[in-house]
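Asker: Provide a 3D model corresponding to the input given below.
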Amino acid sequence: MSYYTHHVFFCTNRRDDGRSSCGDHDPQTLRDYAKEQIKKLRLSGPGKCRINNAGCMDRCNKGPVMVVYPEAVWYTFKNREDIDEIIQEHLIGGRVVERLKI
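Answerer: Prediction:
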């Protein structure tokens, strides 16, 4: 059994060579929000969910991006409402949010 039921990685990479990147979309703020919500819902910790930063995941053209394991579902997101939907539908309900899936 996995240590976490879900492990969520948010790309927070910012390229310094002028190419677009997830970091151009302020993903850290929404990553922090997701972490706060997971804690508030008591979904964090061993056997539950873990929210992490990630470096470049090489999907910048779809950015900002996050990936949820163990399902390996990739999402894009724009706001808190998108993050809330991913938490409620995927992390709690076990249903992929098709409109945000990439």
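Asker: contacts, neighbours, all on C-alpha from now
Answerer: Will do.
Asker: I figured residue 52 was touching residue 12, is that so?
Answerer: No. Using Cα atoms under 8 Å, residue 52 is not in contact with residue 12; the gap is 9.7 Å.
Asker: neighbour-wise, which of the two wins?
Answerer: Remark: of residue 52 and residue 12, residue 12 carries more neighbours, 26 against 15, as counted by other Cα atoms under 10 Å.
Asker: what lies in contact with the helix or strand hosting residue 36?
Answerer: Here residue 36, judged by DSSP states H and E, is contained in helix 27-40. Outside helix 27-40, the residues that touch it by Cα atoms under 8 Å, 6 or more residues apart in numbering are 10-12, 44, 49-53, 64, 79-80, 83-84, 87.
Asker: just the buried members of the residues you listed?
Answerer: 10-12, 44, 49-51, 53, 64, 83-84, 87 (16 or more other Cα atoms under 10 Å).
Asker: so which of those residues are in helices?
Answerer: 83-84 (DSSP state H).
Asker: taking the buried ones among the contacts of helix 27-40 together, which two end up most distant?
Answerer: Pairwise distances across those (Cα to Cα) peak at 22.7 Å, for the pair 44 and 64.
Asker: report the contact partners of residue 53.
Answerer: Taking Cα under 8 Å, 6+ apart, one finds 9-12, 28, 31 in contact with residue 53.
Asker: name the element the spatially most central residue of the chain belongs to?
Answerer: Residue closest to the average C-alpha location in the chain (Cα atoms, centre = their mean): residue 66, at 3.7 Å. In this assignment (DSSP H and E), residue 66 forms part of strand 65-69.
Asker: pLDDT (mean, whole number) over the following helix or strand past that strand?
Answerer: Downstream of strand 65-69, the first helix or strand assigned by DSSP H and E is strand 73-76. For strand 73-76, mean pLDDT is 97.
Asker: before we move on, what about stretch 2-14?
Answerer: Mean predicted lDDT for stretch 2-14 stands at 91.
Asker: I'd like the distance from it to the chain centre, please.
Answerer: With Cα atoms, centre = their mean, to the nearest Å as the basis, stretch 2-14 stands 6 Å off its chain's centre.
Asker: list the buried residues in it.
Answerer: In stretch 2-14, counting by 16+ other Cα under 10 Å, buried: 4-14.
Asker: good, wrapping up.
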